[in-house]
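**Q** coords below, sequence missing:
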């Protein structure tokens with residue numbers, strides 16, 4: 001997931017991965033069934049909603065920051 005679609009496309013080709021998503025596609029990603037687990041490496045202020053929504057969808061979450069901060 002990225003905010004730079006060109007970068008996502010380039011990395012997808014380089015590492016033979018796909019599909020890639022932008023932040024605008026977040027809900028589609030969560031509901032797609034294509035993801036089993038997510039590693040979140042965002043600043044503490046940005047992680048309040050994302051892990052909760054993923055857990056509700058049944059996706060495992062490894063969060064770099066302690067959830068106690070949110």
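**A** Noted; the coordinates are in hand. Small disclaimer: the values here were computed from a predicted structure and weren't measured. Residues are numbered from 1 along each chain as shown.
**Q** Hmm, residue 64 is touching residue 38, no?
**A** No - between residue 64 and residue 38 there is no contact under CB atoms under 8 Å: 11.1 Å. C-beta coordinates here come from the backbone N, C-alpha and C atoms, glycine included.
**Q** Name the residue in the two with the higher neighbour count.
**A** residue 38 (18 against 11; other CB atoms under 10 Å).
**Q** Please identify the helix or strand for the more buried one.
**A** Residue 38 is part of strand 37-40 when elements are defined by DSSP states H and E.
**Q** what packs against that strand?
**A** Using 3 or more CB pairs under 8 Å, 6 or more residues apart in numbering; DSSP states H and E, the elements in contact with strand 37-40 are helix 50-56, strand 60-63.
**Q** Can you pull out the residues in contact with it?
**A** Strand 37-40 has contacts (CB atoms under 8 Å, 6 or more residues apart in numbering) with 47, 50, 51, 54, 59, 60, 61, 62, 63, 64, 65.
**Q** so what's the residue lying closest to the third one once chain neighbours are set aside up against?
**A** Distances taken as CB to CB, 6 or more residues apart in numbering put residue 61 closest to residue 51, at 4.6 Å, once the chain neighbours are dropped. By CB under 8 Å, 6+ apart, the contact set of residue 61 is 37, 38, 40, 51, 54, 55.
**Q** Narrow these to those that are buried.
**A** The neighbour count (16 or more other CB atoms under 10 Å) marks 38, 51, 54 as buried among the contacts of residue 61.
**Q** Done for today, thanks.
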